[in-house]
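[1] After the sequence you'll find the predicted model.
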Amino acid sequence: MDLNLAQAQSVLASIRRLGIDIPEPIATVEARAKAIAKAAESVAPAHHDVLAAIIRAVDAGKNPVDDKEVQRMLAGQNLANDAILHGLRAEAAQLLTEALIEHQGLLFDAWRIQFQKAATDLTAAHNALGGISLADTESVVRMGPDASTAWSTATNALTTLRDVMTAWQTWATTTRQVTINNAYAVLRVAEVDWHTYRDHQLAGSIDYWKLTGLGIRLDLADVATYQRRVADLQAAQRAEVAEAEQNRMSRMQLN
């Protein structure tokens, strides 16, 4: 697996942007990963410091090769070579990625709390505003102060929902525990049957306001739930195609 420390750290950054504390088991590994990644850099002396140590050894009548301070600095330089640094960062990335996989349940639980609160707020805002486009701010203003408050609630809720999904996608991309297929993005956030998915053109980017208007309950999926939703949708699609083909063959036989 091609592990990238920055990518793994971006998962944690996306979680923190939601105001969520990193679960303790992951935070512990994060601290260790950071320490490992910086180990060689932290002990590597600057070039002028090495030269100064050599000069001090010479001035003291010592052989610089045998001087402990020079030896320590040269050892630090050896640790800081590109191969070692790359290896340490790869090790740190692997530790952190494994922690993100092992403790994914803690992450999804935290995301789900934020997600469901935002989904509830969005539903309340939709009940107040009806099917009006949130981009039509002039109409919202004309509806009065209560509508403006509902509009603010909706936009804040949408920001949270999208931020949670960004964290979900970043985690999925980093850990490679699930394939990201944007055609089925809606299934990450809702249980949708094939006919609803097809008839309301729900493939592609997630439109939370539209889903709420359709009365579809927003429900953040973990990996297993998402995979089951995708499998169910694909099975229903295949069944419809097979039925259409069977009907076509029957009509041909009748003719």
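    That came through fine.

[2] any low-confidence regions in the stretch 151-255 of the chain?
    254-255 (pLDDT under 70).

[3] Show me where it has its helices.
    Counting by DSSP state H, counting those that start in this stretch, the stretch 151-255 of the chain has helices at residues 194-199, 208-213, 223-254.

[4] Quick check: which of the ones you listed is buried the most?
    Mean neighbours per residue, mean count of other Cβ atoms under 10 Å, is largest over these for helix 208-213, with a mean of 20. To be clear about C-beta, it is placed using only N, CA and C from the backbone, and glycine gets the same treatment.

[5] which other helices and strands contact that helix?
    helix 104-129, helix 145-175 (3 or more Cβ pairs under 8 Å, 6 or more residues apart in numbering; DSSP states H and E).

[6] Relative to the whole chain's centre, how far out is the shortest one?
    Counting by Cα atoms, centre = their mean, to the nearest Å, helix 104-129 is centred 17 Å from the centre of its parent chain.

[7] Leu129 reaches Ser152, doesn't it?
    No. Between Leu129 and Ser152 there is no contact under Cβ atoms under 8 Å: 11.0 Å.

[8] right, and the helices of the stretch 151-255 of the chain - which one's nearest Thr123?
    Nearest of the helices of the stretch 151-255 of the chain to Thr123, taken as Cβ to Cβ: helix 208-213 at 5.7 Å.

[9] Need the contact partners of the closest one.
    For helix 208-213, the external contacting residues (Cβ atoms under 8 Å, 6 or more residues apart in numbering) are 119, 122-123, 126, 131, 134, 154, 157-158, 161-162, 186, 189-190, 200, 202, 218.

[10] if you set the cut-off to 10 Å instead, what comes out?
    Helix 208-213 has contacts (Cβ atoms under 10 Å, 6 or more residues apart in numbering) with 118-119, 122-127, 129-135, 154-155, 157-158, 161-162, 165, 186, 189-190, 192, 196, 200-202, 207, 216-218.

[11] Isn't His103 up against Ile26?
    Yes. Using Cβ atoms under 10 Å, His103 is in contact with Ile26, at 5.3 Å.

[12] Who has more neighbours out of those two?
    Ile26 (21 against 16; other Cβ atoms under 10 Å).

[13] Show me the common contact partners of Leu129 and Ser152, please.
    Val140.

[14] Among these two, which residue is more densely surrounded?
    Leu129 (23 against 12).

[15] What residues does that one make contact with?
    Contacts for Leu129 (Cβ under 10 Å, 6+ apart) come out as 136, 139-140, 143, 146-148, 150-151, 153-154, 209, 213.

[16] switch the cut-off to 7 Å
    Ala147, Ala150, Trp151, Ala154 (Cβ atoms under 7 Å, 6 or more residues apart in numbering).

[17] Same question for Gln177.
    Ile101, Val223.

[18] just for the stretch 1-150 of the chain, where's the confidence low?
    Using pLDDT under 70, the stretch 1-150 of the chain drops low at 1-3, 40-44, 79-82.

[19] Look up how far Thr159 lies from the nearest residue to Ala185 once chain neighbours are set aside.
    Distance criterion Cβ to Cβ, 6 or more residues apart in numbering; nearest residue to Ala185, sequence neighbours excluded, is Ile206 at 5.2 Å. Using Cβ to Cβ, to the nearest Å, Ile206 is found at 13 Å from Thr159.

[20] So which of the two has more stuff around it?
    For Ile206 and Thr159, the more surrounded residue by other Cβ under 10 Å is Ile206, and the numbers stand at 19 against 11.

[21] Please report phi then psi for that one.
    Main-chain dihedrals, Ile206, degrees, to the nearest 10: phi -80, psi 130.

[22] isn't it right next to Val186, touching?
    Yes. Between Ile206 and Val186 there is a contact under Cβ atoms under 7 Å: 5.5 Å.

[23] Just the element for Ala93, please.
    Secondary-structure assignment from DSSP states H and E places Ala93 in helix 82-102.
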